[in-house]
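A.B. asks: Here's my sequence, what's the structure:
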Amino acid sequence: MTLTKSFRRALFLIVAIVLAASITACSSKSSTGGNGGNASVNTPEPPSAADNKGSDASVQDGELAPEQGAELLVWESREEVAFTEEIARQFEEKYGVKVKIEEVVIPDQVAKLTTDGPSGLGADVVIIPHDHLGNAAASGMILENDVFAEETKKNNTEASIIGATFNGVLYGYPRSAETTALFYNKSLVPEPPKSFDDLLAFGRTFTDKSKKKYALMWEAGNMYFNYPFIASGGGYLFGDNGTNKDDIGLANEGVAESMKVYQSLAEILPVKSGDINPDIKRGLFGAGDVAMDINGPWEVAGYKEALGDNLAIAPIPTVNGKTAITFSGIKIYSVSSFTKYPNAAKLYAQFATTKEAQLLLNETIGSVPTNLEALETDQIKNDPIVSGFAEQAKNSEPMPSIPEMANVWAPVNAAMADIWDNKTDPAAAMEKAITQIKDLNNGLAAE
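C.D. replies: This next block holds a predicted model:
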């Protein structure tokens, strides 16, 4: 069905309002990106997919060729800028396409594209956590990975392809896989705890709030890091493998019991959930004042620099005797549907996700590749840190990627804070969160 321009304008205005209000970042960092980009693009709706796929005339020697005079803007988080600067240099050297980089925290990029894309200020290539893919794809903000689809599917893990796909269509170019695990300082914790009961016992001997020393510190108010206390008790966000928005499994009896374990940890981390942020935690862990941290691979480079050989990774401790199940996520590149240069943008997304590129990203920040050949290299297999994440990944679940996932973060984070800070009954807090999520879902459906 072809939409009129006036209808598209109205649709994108609605989407901009909904996404700006609903997308909650997994990271506490704020965007530092400015309003750069292809300012000459001044259209209120994206070009059609047909317009942006390129034509046979754009193929040279059997390969996609960038448009004449193409220039690209890519958004990147602060931690990965060094990687992107090198990839951009290599890309320009090979294709003659200049690449400008702006710092924008990754979980904010879809929301920013919603507002900046129609005005011509958005990036040509964005990085999307796969749980935000549904919003971006359903709203028409990103182009299908069509030219490189077969190559992408052949070269990457099945889980990463699932994460880069929405409604049966491949939109993304996978670049890294993530899950959380237990970071620990071997000089303080020679052997990592197997259970949260063991961790609690250690904490009673180590934690000293007056000296700002804590056995364990993590973002206690963030559902992303707290998912083991939901899933290990048999809970889930959406039923039918994350696709049924009407089946929300956050309040069964098992979840209530697991959340009591979460609540008990406030004894050894007597800090309000809102007072814990990544910067504070990094400083304390790096200084040896925090013994353990639940975190992801994006912290590896900084923690290695601070602790050296004392840094180690272990699976998350068991919860009430049950294996801790973490979220797994895929970071993917996607091409904006607002781009003036779709061929160049697709080439960049592909170029930045090759085996060599993913190994460079691993070398730069300690990321876990999705490329099958990269995973088999000595660089990855002989790395105890990456191997530690791989071990936890065996007991992980992908975050749902349906648009309604954006409605989960704020209510569940609020419930977590209430349980942690105010000792609220976990079952009651989660029931309240479910009601709020359903209200948001129904509002989204009405839009």
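A.B. asks: which residues are in contact with the lengthiest helix in the chain?
C.D. replies: For the chain, the helix that runs over the most residues, judged by DSSP state H, is helix 426-446. Under the contact criterion Cβ atoms under 8 Å, 6 or more residues apart in numbering, helix 426-446 has outside partners 18, 22, 245-246, 248, 250-251, 255-256, 259-260, 262-263, 403-404, 407-408, 410-412, 414-416, 418-419. Glycine gets a C-beta too; all of them are placed from N, C-alpha and C.
A.B. asks: What subset of those is buried?
C.D. replies: Those of these that meet the buried threshold are 18, 22, 245, 248, 250-251, 255-256, 259-260, 262-263, 403-404, 407-408, 410-412, 414-416, 418-419, by 16 or more other Cβ atoms under 10 Å.
A.B. asks: Mind checking which of these are in helices?
C.D. replies: Judged by DSSP H, the buried ones among the contacts of helix 426-446 include 18, 22, 255-256, 259-260, 262-263, 410-412, 414-416, 418-419 as members of helices.
A.B. asks: Which residue is the nearest non-sequential neighbour of L113?
C.D. replies: Beyond its immediate neighbours in the sequence, the residue positioned closest to L113 (Cβ to Cβ, 6 or more residues apart in numbering) is G122, lying 4.8 Å away.
A.B. asks: tell me the contacts of that neighbour?
C.D. replies: Listed by Cβ under 8 Å, 6+ apart, the contact partners of G122 are G37, L73, K112, L113, D116, S336, F338.
A.B. asks: Can you tell me the number of residues neighbouring the third one?
C.D. replies: This points to K112. For K112, the neighbour count with other Cβ atoms under 10 Å is 23.
A.B. asks: isn't there a strand covering it?
C.D. replies: No: counting by DSSP: H, G, I helix; E, B strand; the rest coil, K112 is not found in a strand; it is helix.
A.B. asks: Surely it and L73 touch.
C.D. replies: No: K112 lies out of contact with L73 (Cβ atoms under 8 Å); the separation is 11.7 Å.
A.B. asks: Tell me what the residue nearest the centre of the chain is bridged to.
C.D. replies: The centroid of the chain falls nearest to P129 when counting by Cα atoms, centre = their mean (3.8 Å). Listed beta-bridge partners, P129: K331 (assigned using DSSP bridges).
A.B. asks: residue contacts, the residue nearest to S334 when sequence neighbours are not counted?
C.D. replies: Sequence neighbours aside, I142 is the residue nearest to S334 in space, at 4.2 Å (criterion: Cβ to Cβ, 6+ apart). By Cβ under 8 Å, 6+ apart, the contact list for I142 reads V126, I128, A136, Y171, S334, V335, S336, S337.
A.B. asks: what sits against T364?
C.D. replies: Remark: with contacts taken as Cβ under 8 Å, 6+ apart, T364 is in contact with E80, A82, F83, A301.
A.B. asks: circling back to that earlier point, any idea how far the longest helix of the chain is from the chain center?
C.D. replies: Here helix 426-446 is found 22 Å from its chain centre; the criterion is Cα atoms, centre = their mean, to the nearest Å.
A.B. asks: State the mean pLDDT of that helix.
C.D. replies: On average, the pLDDT along helix 426-446 is 90.
A.B. asks: Give me the buried positions along it.
C.D. replies: Of the residues in helix 426-446, those buried under the neighbour-count criterion (16+ other Cβ under 10 Å) are 426-427, 429-430, 432-434, 436-438, 440-441, 444.
A.B. asks: tell me the strands in the protein, going along the chain?
C.D. replies: Secondary structure of the chain, counting by DSSP state E: strands at 59-60, 63-64, 71-76, 98-103, 125-129, 165-166, 169-170, 173-179, 181-185, 214-216, 290-295, 311-314, 326-335, 396-398.
A.B. asks: Can you convert those into TSV and add a column each for mean pLDDT?
C.D. replies: Formatted as TSV, the entries for the strands of the chain read as follows, by pLDDT from 0 to 100:
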stretch	mean pLDDT
strand 59-60	58
strand 63-64	88
strand 71-76	98
strand 98-103	98
strand 125-129	96
strand 165-166	90
strand 169-170	96
strand 173-179	94
strand 181-185	98
strand 214-216	98
strand 290-295	98
strand 311-314	96
strand 326-335	94
strand 396-398	86
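A.B. asks: Need these in TSV (columns: distance to F202).
C.D. replies: Output for the strands of the chain, formatted as TSV (distance: least, Cβ to Cβ, whole Å):
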stretch	distance to F202
strand 59-60	61
strand 63-64	55
strand 71-76	38
strand 98-103	38
strand 125-129	33
strand 165-166	42
strand 169-170	45
strand 173-179	23
strand 181-185	10
strand 214-216	6
strand 290-295	8
strand 311-314	13
strand 326-335	21
strand 396-398	25
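A.B. asks: closest to S232 out of these?
C.D. replies: Using Cβ to Cβ as the criterion, the shortest distance between S232 and the strands of the chain is 9.4 Å, found for strand 326-335.
A.B. asks: Which elements pack onto the closest one?
C.D. replies: With contacts taken as 3 or more Cβ pairs under 8 Å, 6 or more residues apart in numbering; DSSP states H and E, strand 326-335 sits against strand 125-129, helix 133-138, helix 158-163, strand 173-179, helix 342-351, strand 396-398.
A.B. asks: roughly how far is it from the heart of the chain?
C.D. replies: The mean C-alpha position of strand 326-335 is separated from the chain mean by 5 Å, Cα atoms, centre = their mean.
A.B. asks: circling back: please name whichever of the ones in helices among the buried ones among the contacts of helix 426-446 scores lowest on pLDDT.
C.D. replies: The member of these with the lowest pLDDT is V18, and it reads 35.
A.B. asks: now E397: how far from G329?
C.D. replies: Using Cβ to Cβ, to the nearest Å, E397 is found at 10 Å from G329.
A.B. asks: looking at the contacts of T364, which has the most residues close by?
C.D. replies: The most crowded member of the contacts of T364, judged by other Cβ under 10 Å, is E80 (23 neighbours).
A.B. asks: Roughly how far does that one sit from P297?
C.D. replies: When Cβ to Cβ is the yardstick, E80 and P297 sit 11 Å from each other.
A.B. asks: before we move on, what about I332?
C.D. replies: In this structure, I332 lies at 16 Å from P297, with Cβ to Cβ as the measure.
A.B. asks: Ok, I161 next?
C.D. replies: I161 sits 20 Å away from P297 when distances are taken as Cβ to Cβ.
A.B. asks: How much space separates Y227 from N395?
C.D. replies: Counting by Cβ to Cβ, the gap between Y227 and N395 amounts to 11 Å.
A.B. asks: repeat for E257
C.D. replies: Distance, E257 to N395, by Cβ to Cβ: 19 Å.
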